[in-house]
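>>> Here is a sequence together with a model predicted from it:
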Amino acid sequence: MSQPLAIVLLSGGLDSTTCLAIAKDEGFTPIALSFRYGQRHTDELACAAGAARAAGAEHLIADIDLAAFGGSALVDSSIEVPKHESVEDLTADSVPVTYVPARNTIFLSFAIAVAETRGAHDVFIGVNAVDYSGYPDCRPEFISAFEEMANLATREGVEGGRLRIRTPLIDLTKAQIIQRGLELGVDYGTTMSCYDPGSDGGACGHCDACLLRARGFADAGVVDPTRYSTPSTFER
């Protein structure tokens with residue numbers, strides 16, 4: 001009996017690469033879906049391609065232009081990516097400028113379209129509601145609402161099937177995510193989390209994503225394999 005298909009949103013970062021490994025461990029044949037959306041950190045796409053190869057997964061890359069709308073430091077070079085000295089400086093009091101408007105809504109919409117065309121019933125996304133940057137589209141209530149909408153808006157849903165949005169990392173700390181990934185053989189040295197990598201492809205060490213990633217490795221008691229462009233508080 002063949003394994004069921006699952007669509008896995010894969011950015012090439014720590015969370016999504018772990019999510020890919022979990023989908024495979026749960027018995028799915030994963031189809032990895034990445035996006036070239038106008039992001040300033042395109043190094044992540046090479047990492048996504050490597051992660052897909054390592055998992056033996058088919059890898060699709062969709063081109064969409066979220067930079068046409070701007071509104072985020074990740075797609076608008078005129079907006080600086082915030083940098084901090086330590087993770088204690090981060091705050092979730094407001095949505096940060098690294099939030100890309102409606103990004104997960106758009107990505108999940110593409111994912112359910114691929115799921116319908118390929119006959120998959122499960123979509124995996126590595127959102128996290130614990131160690132995250134305050135993005136509204138990483139919350140459980142968003143995922144629940146999107147899943148309900150997906151089953152109202154698709155042939156699969158209205159003809160008696162059920163599309164499921166799977167979020168295996170949503171209640172885990174970054175340290176727990178790392179520990180789970182290591183159990184599954186994930187090589188985190190090949191992943192990219194940085195929002196503003198240097199010209200040499202190394203991580204900046206001071207953006208929100210870098211600091212949360214580094215704290216995760218420290219809390220997990222694992223040597224951080226991240227390659228930095230400049231010295232970081234957490235570089236070992």
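It's in.
>>> Please settle this for me: is Glu147 part of a helix?
Yes. Judged by DSSP: H, G, I helix; E, B strand; the rest coil, Glu147 forms part of a helix.
>>> Give the buried residues for stretch 40-60.
Using 16 or more other Cβ atoms under 10 Å as the test for burial, stretch 40-60 gives 40-41, 43-45, 47-52, 55, 57, 59-60. Glycine gets a C-beta too; all of them are placed from N, C-alpha and C.
>>> from those, which has minimum pLDDT?
Note: of the buried residues of stretch 40-60, the lowest pLDDT belongs to His41, at 82.
>>> Three-state assignment for it, please.
coil.
>>> Now Ala209. Nearest residue, chain neighbours left out?
In this structure, Ala209 finds its nearest non-sequential neighbour in Ser193, 4.5 Å apart by Cβ to Cβ, 6 or more residues apart in numbering.
>>> Ok, Phe142 next?
Closest to Phe142 by Cβ to Cβ, 6+ apart is Pro136, at 6.6 Å.
>>> Please report the distance of the one you found from Val223.
As judged by Cβ to Cβ, to the nearest Å, Pro136 and Val223 stand 34 Å apart.
>>> What is the neighbour count of the closest residue to Phe69 other than its chain neighbours?
Distance criterion Cβ to Cβ, 6+ apart; nearest residue to Phe69, sequence neighbours excluded, is Pro101 at 6.7 Å. The number of residues packed near Pro101 is 15, by other Cβ atoms under 10 Å.
>>> rewinding a little: closest to Pro168 among the buried residues of stretch 40-60?
Within the buried residues of stretch 40-60, proximity to Pro168 (Cβ to Cβ) peaks at Ala55, which comes in at 14.9 Å.
>>> Next up, the contacts around that closest one.
20-21, 24, 30, 32 (Cβ atoms under 8 Å, 6 or more residues apart in numbering).
>>> For the residues you listed, give me a markdown table that also has pLDDT.
Shown next, in a markdown table, are those (pLDDT from 0 to 100):
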| residue | pLDDT |
| --- | --- |
| Leu20 | 98 |
| Ala21 | 98 |
| Lys24 | 98 |
| Pro30 | 98 |
| Ala32 | 98 |
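>>> Reformat the residues you listed as CSV; add secondary structure, neighbour count and distance to Val75.
Converted to CSV, those look like this (DSSP: H, G, I helix; E, B strand; the rest coil; neighbours: other Cβ atoms under 10 Å; distance: Cβ to Cβ, whole Å):
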residue, secondary structure, neighbour count, distance to Val75
Leu20, helix, 28, 24
Ala21, helix, 23, 28
Lys24, helix, 19, 30
Pro30, strand, 27, 27
Ala32, strand, 28, 22
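>>> Quick check, Pro225 in contact with Gly189.
Yes. Counting by Cβ atoms under 8 Å, Gly189 is a contact partner of Pro225 at 3.5 Å.
>>> Make sure I have this right: Arg162 is in a strand.
No. Assessed with three-state DSSP, Arg162 is coil; it does not lie in a strand.
>>> what about Ile178, how many residues close to it?
24.
>>> Could you identify the most distant pair in the contacts of Ala55?
Ala21 and Ala32 (11.3 Å).
>>> hey, where'd the strands end up in this structure?
5-9, 29-36, 58-63, 122-124, 164-166 (DSSP state E).
>>> what are the C-alpha coordinates of the helix or strand of the chain at the bottom of the mean pLDDT ranking, in PDB please?
None of the helices or strands of the chain scores lower by mean pLDDT, DSSP states H and E than helix 155-158, at a mean of 90. The C-alpha trace of helix 155-158 is given here as PDB (Å, rounded to 0.1, in the frame of the first residue of the first chain):
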ATOM      1  CA  ARG A 155     -14.100  20.500  -4.200                       C
ATOM      2  CA  GLU A 156     -12.400  18.100  -1.700                       C
ATOM      3  CA  GLY A 157     -14.300  19.700   1.200                       C
ATOM      4  CA  VAL A 158     -17.700  20.000  -0.400                       C
END
